[in-house]
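> quick one: sequence plus predicted model below, questions after.
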Amino acid sequence: MGWLCGAALLATVASTATAGETGCWKDDAISPVANPLFFESPLIQSEVRPLYIYHNIPSEFIGGFAQVFAVQARWAINDRLAIIATKDGYVQIRSKVPSLNNDGWADIAAGVKYALIDDVENQFIVTPGVKFEFPWGEKDALQGNGDGEVNLFVSAMKGWDKLHLTGSLGARLPLDTDEETASLHYSLQLDYAVCKYFIPFVTMNGFTVLTEGDGPAFGGIEGYDLINFGASDAGGVSTIALGAGFRSKVHKNVDVGFAFEQCVTTPKGLFDNRFTFDAVVHF
């Protein structure tokens, strides 16, 4: 009888250990760093994410740079549903065009996402969501135009222990198609958890303009993610950036991240290259 009880105890411990291992694949997973406005993680987490973006503008366009200081927030109502606030903050633009050298508040975007598939055994999660961008920003910072836009998206992640592939696909649909253009956005990230302090990744982020507005014509140039010019000649034009970076889990509840992106398509428009820094505080 003793050996039978012992065997049962060992089986219980082994079963518990296996369940714990299969349930922890997300512990090594990371949220995207690059393209923070539209590359939404499929993970359902409660967090606050301050971030800083330094964005170089091509000299053949208006030159100079833009900076963004912002804070994102996500609240997991349960293990499937989260409320997300992904766009806000302060924008600073400095270019060779004096009239564009302005500062101001960005538009506000918020919404929800829901983990439709959360397959722990196969390390796979699929999360669709919807956001609305309110045109409450300042026009001096090239914000506040139009009547707002709806962003429909779906994000997914597949894990192979310490290796993860994350992707997102979505559509930006303005309510006023004269003031703003509609576009597709798409992103991929491949990361590998070398250790908790060093999780490198490579990434690709792109936008393709679907409809043209009644705004300015810049030779097929649109504003990428932060700005929507409502360009009248950008239909069908794609902007794609490739990048790399890393995350570091400096504490069980705190991650820091860095990404560098370089535009690889023409016309470059507003996007030459970009540095993104963030910190994610989980709660």
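Received the coordinates, thanks.
> next, Y54: secondary structure please.
strand (DSSP: H, G, I helix; E, B strand; the rest coil).
> tell me the bridge partners for the nearest residue to it once chain neighbours are set aside.
Among residues not flanking Y54 along the chain, F275 sits closest, at 4.6 Å (C-beta to C-beta, 6 or more residues apart in numbering). C-beta coordinates here come from the backbone N, C-alpha and C atoms, glycine included. For F275, the beta-bridge partners are Y54, F260 (DSSP bridges).
> go on, K131?
G111, N151.
> can you check L184 too?
Counting by DSSP bridges, the residues bridging with L184 are A171, T208.
> pretty sure it contacts T208?
Yes - look at L184 against T208 with C-beta atoms under 8 Å: they come within range, at 4.7 Å.
> more neighbours, these two?
T208 (18 against 14; other C-beta atoms under 10 Å).
> and the pLDDT for Q123?
For Q123, the model assigns a pLDDT of 97.
> end to end, how far does stretch 35-50 reach?
End-to-end distance of stretch 35-50 (C-alpha to C-alpha, to the nearest Å): 14 Å.
> tell me which residues of it come out buried.
Buried residues in stretch 35-50, defined by neighbour count with 16 or more other C-beta atoms under 10 Å: 35-45, 47, 49.
> and for stretch 135-144?
For stretch 135-144, a neighbour-count test (16+ other C-beta under 10 Å) marks 135, 137-138, 141-144 as buried.
> kindly report the same for stretch 246-257.
246-249, 255-257.
> rewinding a little: any chance of a markdown table for the buried residues of stretch 35-50, columns distance to V280, pLDDT and secondary structure?
Formatted as a markdown table, these follow (distance: C-beta to C-beta, whole Å; pLDDT from 0 to 100; DSSP: H, G, I helix; E, B strand; the rest coil):
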| residue | distance to V280 | pLDDT | secondary structure |
| --- | --- | --- | --- |
| N35 | 15 | 97 | coil |
| P36 | 10 | 96 | coil |
| L37 | 15 | 97 | coil |
| F38 | 17 | 98 | coil |
| F39 | 14 | 98 | coil |
| E40 | 13 | 98 | coil |
| S41 | 10 | 98 | coil |
| P42 | 15 | 98 | coil |
| L43 | 11 | 98 | coil |
| I44 | 14 | 97 | coil |
| Q45 | 8 | 97 | coil |
| E47 | 5 | 98 | strand |
| R49 | 5 | 98 | strand |
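> mind listing the shared neighbours of L184 and T208?
Residues touching both L184 and T208 by C-beta atoms under 8 Å, 6 or more residues apart in numbering: none at all.
> gap between V130 and A29?
Distance of V130 to A29, given as C-beta to C-beta, to the nearest Å: 23 Å.
> now do D178
41 Å.
> helix, strand or coil for D27?
Following three-state DSSP, we place D27 in the helix state.
> V130 versus that one, what's the distance?
28 Å.
> compare neighbour counts for these two and give me the winner.
Comparing D27 with V130 by neighbour count (other C-beta under 10 Å), the higher total belongs to V130, at 14 against 10.
> my read is that the more buried one contacts A109, right?
No - judged on C-beta under 8 Å, V130 makes no contact with A109 at a distance of 10.8 Å.
> intersection of neighbour lists for those two?
What both V130 and A109 touch, as defined by C-beta under 8 Å, 6+ apart, is the set N151.
> how far away is the nearest residue to A29 once chain neighbours are set aside from D28?
Computed as C-beta to C-beta, 6+ apart, the closest residue to A29 that is not its neighbour in sequence is H164, at 5.2 Å. Using C-beta to C-beta, we find H164 at a distance of 7 Å from D28.
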